[in-house]
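Asker: Sequence plus predicted model, see below.
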Amino acid sequence: MKSLMLLWTMMAKELAIRCNTSATMDIKYIQGRCLHEGISFLTITLPTFGKDLQKGLDLGYVDHNLFQGFSWKGGLPKFLWGFLDRVFHRNTSVLLDNPDIEAIYAIRQLTLAFGKMLLPCTPERERKAFAAFVQCEQDVRRSWIQLDSSFKEEFKLVSGTLFGVMFSNLDREIRDGNIFPKHGPGAVAERYSSNEKYYRSSWTRRLEEVFPSGDYLVPNSRFWRELDSVDILEPDAEQPVRVISVPKTLETPRIIAIEPTAMQYAQQGLLDGFLRCLRKDPILSRMIGIDDQLPNQQMAREGSRDGSLATLDLSEASDRVSNQHVRLLFGNHFHLRMAVDATRSRKADVPGHGVIRLAKFASMGSAMCFPVEASVFLTLCFMGISHALNTPVTRQLIKEYAGRVRVYGDDIIVPVDCVDSVISVLESFGFVVNRNKSFWTGKFRESCGKEYYASDDVSVVKVRNLFPNDRKHVAETISIVSLRNQFYKAGLWTTVRWLDSFIEGRIKFFPTVHESSPVLGRHTFLDYEVQRMCPHLHRPLVKGYVVVGRPPVDELVGHGALLKYLLKRGIEPLSEGHLERAGRPRAVYTKLRWSPPF
């Protein structure tokens, strides 16, 4: 806690100089609040202040409905008054005609820096999150029952216009047996190790109807006897997804679902086919993002510059996609609909609530969750555009809006002149638009981790872990070195120098290197450090700590080993010893060695 306070103090002093103001009283205020409220002030209360600033920027003014819990001086909160005074009028609370971009960045950096620390929530907050997961199921069922039948028919028509060609191609791929499954890198509900997945999978009756086990669980027909040990599960005996919580913020954890091995295996193959067909479509590939956030970020910047584009964020987006939405989406494509339904888990084991039947399509953790929810949201966006323009959705209309509409997960970008209609459609289908993180009236925009005001990047550096006491705290050491290098890129030089002195007190060797170097060191835009030349390769070397981790022992033999080789993607060879060791290292450590600084 003391180290975090010192970091905040250094940031405040440096940013105050950049904004030609003083942070002395703010530092005293922070020290007092942290003394009484602890780390929750940094991780919960301060981020709320930062979110209220964003709302004020979008509204064009601030009032006492914002910044609650902070005393006011005139028309602005006393806390960070010197910075706020350069953004809003001190008496009227109205946004200045030309607010100081540096002050906006400073307030955001000082208030949002600790909002996403990877710390466990209290048991009470965790229980509330699981209860909200179950409650969401009831909301999904209720919203579907209340949805007007005309909306359902319109959804089918619009999705057919958008995805008809692409889904037909994917339907043909499934029919012709061109879906190649694979095991993902993540955990599975049965808690199998990485290599165990290749020969200890069960199968389900629903999967058997679409993806026969003889084609997907053994390398070829010579190994048909191995199928005798495969347990074909009837629907009522299927393994439920295992619902868990992972750190997100101290206010609430993130709830995800761990899929059974068989489901994950088939989902990965279906996802691969979906992506192949998506990339072949020149229009849809511009409107749905799967693995590239940059277009969303560029469009958010454009929207902040000219106000033409709005950025929308949804709460519990994936958990509110009903399976009924998905049935409508794929209703005209028999093989695709069967495949998507067969790879969907129908039950979930929720801590404190037991096994429940799922109304949602899938939670985060399913390989098909991300692309399917993006397809649903894109359909709803064009329904909203159609209502706003009072015109049907045609291929020509889709082409016209291809550069102005984009969906990446629950990050949605639409034209401002259609935003009210799009929000209305989304809410009619049971989705919750997070209006605190959705922007369309001012010059602030946020999408895919980047924030802009009037086209200026005001994204902040965020602290992810507590600071290490010594080098034995490996995760914390890696995190603070990364934090130092992010501040370096952000230009907070005084803060960087303080972090350098802190890190040097924990690790003895901390050389100057380029970003591509494996060494834990100071990143630089200038020349890297050279301490000696390699006698064998004649390249520069520096002495520093390198992160090392070995995959756990996980032997794979027999038909499973052959299957792993045949399912390999790409031209890169499998790692050496992958049949003896596989999976994510259970622990990592740092090792001192001579390594290149680039």
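Answerer: On my side now, so go ahead. Numbers count the residues shown, from 1 in each chain.
Asker: how about the helices in the stretch 51-200 of the chain?
Answerer: Residue ranges of the helices in the stretch 51-200 of the chain, as given by DSSP state H, counting those that start in this stretch, are 81-84, 101-112, 123-146, 149-175.
Asker: Now tabulate those helices in JSON lines and tack on mean pLDDT, mean neighbour count and distance to Val546.
Answerer: The C-beta positions use only the backbone N, C-alpha and C, and glycine is treated the same way. Converted to JSON lines, the helices of the stretch 51-200 of the chain look like this (pLDDT from 0 to 100; neighbours: other C-beta atoms under 10 Å; distance: least, C-beta to C-beta, whole Å):
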{"stretch": "helix 81-84", "mean pLDDT": "96", "mean neighbour count": "22", "distance to Val546": "40"}
{"stretch": "helix 101-112", "mean pLDDT": "97", "mean neighbour count": "23", "distance to Val546": "31"}
{"stretch": "helix 123-146", "mean pLDDT": "94", "mean neighbour count": "15", "distance to Val546": "36"}
{"stretch": "helix 149-175", "mean pLDDT": "96", "mean neighbour count": "18", "distance to Val546": "43"}
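Asker: Minimum distance to Arg464: which of the ones you listed has it?
Answerer: Nearest of the helices of the stretch 51-200 of the chain to Arg464, taken as C-beta to C-beta: helix 101-112 at 12.8 Å.
Asker: Not counting that closest one itself, show me its contacts.
Answerer: Contact partners of helix 101-112, identified using C-beta atoms under 8 Å, 6 or more residues apart in numbering, comprise 8, 11-12, 15-16, 18-19, 21, 26, 46-47, 49-51, 53-54, 57, 80, 83-84, 86-87, 451, 453-454, 456, 458, 460-462.
Asker: now do stretch 226-234
Answerer: Stretch 226-234 is contacted by residues 199, 201-205, 208, 213-214, 217-218, 239, 559 when judged by C-beta under 8 Å, 6+ apart.
Asker: State the mean pLDDT of it.
Answerer: In this model, stretch 226-234 carries a mean pLDDT of 91.
Asker: May I have it as CSV, with CA atoms only?
Answerer: Provided in CSV are the C-alpha atoms of stretch 226-234 (Å, rounded to 0.1, in the frame of the first residue of the first chain):
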residue,chain,number,x,y,z
GLU,A,226,-9.7,-47.1,-29.7
LEU,A,227,-13.3,-46.0,-30.2
ASP,A,228,-14.4,-48.8,-27.9
SER,A,229,-13.2,-46.9,-24.9
VAL,A,230,-15.0,-43.7,-25.9
ASP,A,231,-18.1,-43.0,-23.7
ILE,A,232,-20.9,-41.6,-25.8
LEU,A,233,-22.9,-39.5,-23.4
GLU,A,234,-26.6,-39.0,-23.8
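Asker: domain parsing for the protein?
Answerer: The chain breaks down into these domains under automatic domain parsing: 2-115, 123-453, 474-595.
Asker: ok now the second one, how far from the chain's centre?
Answerer: By that I understand domain 123-453. Relative to its chain's centre, domain 123-453 lies at 14 Å (C-alpha atoms, centre = their mean, to the nearest Å).
Asker: swap in the shortest one?
Answerer: What separates the centre of domain 2-115 from the centre of its chain is 26 Å, taken as C-alpha atoms, centre = their mean.
Asker: So what would you say the end-to-end distance of it is?
Answerer: 17 Å (C-alpha to C-alpha, to the nearest Å).
Asker: list the contacts for Phe598?
Answerer: Phe598 is in contact with Val513, His514, Ser516, Ser517, Tyr528, Pro540, counting by C-beta under 8 Å, 6+ apart.
Asker: Just the CA trace of stretch 72-84, in CSV.
Answerer: The C-alpha coordinates for stretch 72-84 follow below in CSV (Å, rounded to 0.1, in the frame of the first residue of the first chain):
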residue,chain,number,x,y,z
TRP,A,72,-17.0,20.6,-3.9
LYS,A,73,-15.5,24.0,-4.2
GLY,A,74,-17.7,26.3,-6.3
GLY,A,75,-18.7,24.4,-9.4
LEU,A,76,-16.1,21.6,-9.2
PRO,A,77,-14.9,19.0,-6.7
LYS,A,78,-12.1,20.0,-4.4
PHE,A,79,-10.1,16.9,-5.2
LEU,A,80,-8.0,17.5,-8.3
TRP,A,81,-9.5,21.0,-8.5
GLY,A,82,-6.4,22.4,-10.2
PHE,A,83,-6.7,19.9,-13.0
LEU,A,84,-10.5,20.1,-13.3
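Asker: Contacts for that stretch next, please.
Answerer: Residues outside stretch 72-84 that contact it (C-beta under 8 Å, 6+ apart) are 15-16, 19, 21-23, 25-26, 29, 49, 62, 64, 67, 70-71, 85, 88-93, 103, 106-107, 110-111.
Asker: now do stretch 533-541
Answerer: For stretch 533-541, the external contacting residues (C-beta under 8 Å, 6+ apart) are Tyr528, Val530, Gln531, Arg532, Trp594, Ser595, Pro596, Pro597, Phe598.
Asker: would you turn the domains of the chain into CSV with distance to Leu466?
Answerer: CSV is the format used below for the domains of the chain (distance: least, C-beta to C-beta, whole Å):
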stretch, distance to Leu466
domain 2-115, 8
domain 123-453, 12
domain 474-595, 6
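Asker: which secondary structure element contains the closest residue to Phe180 other than its chain neighbours?
Answerer: Leaving out its chain neighbours, the residue that sits closest to Phe180 by C-beta to C-beta, 6 or more residues apart in numbering is Gly269, at 5.4 Å. Here Gly269 sits within helix 261-280, counting by DSSP states H and E.
Asker: What residues sit buried inside that helix?
Answerer: For helix 261-280, a neighbour-count test (16 or more other C-beta atoms under 10 Å) marks 261-274, 277-278 as buried.
Asker: now do stretch 476-486
Answerer: Buried residues in stretch 476-486 (16+ other C-beta under 10 Å): Glu476, Thr477, Ile478, Ser479, Ile480, Val481, Leu483, Arg484, Asn485, Gln486.
Asker: which SSE is the fourth one in?
Answerer: Which is Ser479. Element membership of Ser479, judged by DSSP H and E, is helix 474-490.
Asker: now that helix and helix 101-112, what's the angle there?
Answerer: Orientation note: helix 474-490 sits at an angle of 170 degrees relative to helix 101-112 (axes from the mean of the first three to the mean of the last three C-alpha atoms, to 10 degrees).
Asker: Give me the helices and strands touching helix 474-490, please.
Answerer: Counting by 3 or more C-beta pairs under 8 Å, 6 or more residues apart in numbering; DSSP states H and E, the packing neighbours recorded for helix 474-490 are helix 493-504, strand 522-523, strand 540-548, strand 589-595.
Asker: Any stretches of the stretch 351-500 of the chain with poor pLDDT?
Answerer: Low-confidence segments of the stretch 351-500 of the chain (pLDDT under 70): none present.
Asker: before we move on, back to that, out of the helices of the stretch 51-200 of the chain, the one nearest Val588 is which?
Answerer: Short answer: helix 123-146, nearest of these by C-beta to C-beta, at 26.3 Å.
Asker: Could you export the closest one as PDB, CA atoms only?
Answerer: Presented in PDB, the C-alpha positions along helix 123-146 are these (Å, rounded to 0.1, in the frame of the first residue of the first chain):
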ATOM      1  CA  PRO A 123     -16.100 -13.800  -0.700                       C
ATOM      2  CA  GLU A 124     -19.200 -11.600  -0.400                       C
ATOM      3  CA  ARG A 125     -18.600  -9.900  -3.700                       C
ATOM      4  CA  GLU A 126     -17.800 -13.200  -5.300                       C
ATOM      5  CA  ARG A 127     -21.100 -14.700  -4.100                       C
ATOM      6  CA  LYS A 128     -22.900 -11.700  -5.500                       C
ATOM      7  CA  ALA A 129     -21.300 -12.200  -8.900                       C
ATOM      8  CA  PHE A 130     -22.400 -15.800  -9.000                       C
ATOM      9  CA  ALA A 131     -25.900 -14.800  -7.900                       C
ATOM     10  CA  ALA A 132     -25.900 -12.200 -10.700                       C
ATOM     11  CA  PHE A 133     -24.900 -14.900 -13.200                       C
ATOM     12  CA  VAL A 134     -27.900 -17.000 -12.200                       C
ATOM     13  CA  GLN A 135     -30.200 -13.900 -12.200                       C
ATOM     14  CA  CYS A 136     -29.000 -13.100 -15.700                       C
ATOM     15  CA  GLU A 137     -30.400 -16.500 -16.800                       C
ATOM     16  CA  GLN A 138     -33.900 -15.400 -15.600                       C
ATOM     17  CA  ASP A 139     -33.500 -12.100 -17.400                       C
ATOM     18  CA  VAL A 140     -32.600 -13.800 -20.700                       C
ATOM     19  CA  ARG A 141     -35.600 -16.100 -20.500                       C
ATOM     20  CA  ARG A 142     -37.900 -13.200 -19.600                       C
ATOM     21  CA  SER A 143     -36.600 -10.900 -22.400                       C
ATOM     22  CA  TRP A 144     -37.100 -13.600 -25.000                       C
ATOM     23  CA  ILE A 145     -40.700 -14.200 -23.900                       C
ATOM     24  CA  GLN A 146     -41.500 -10.500 -24.000                       C
END
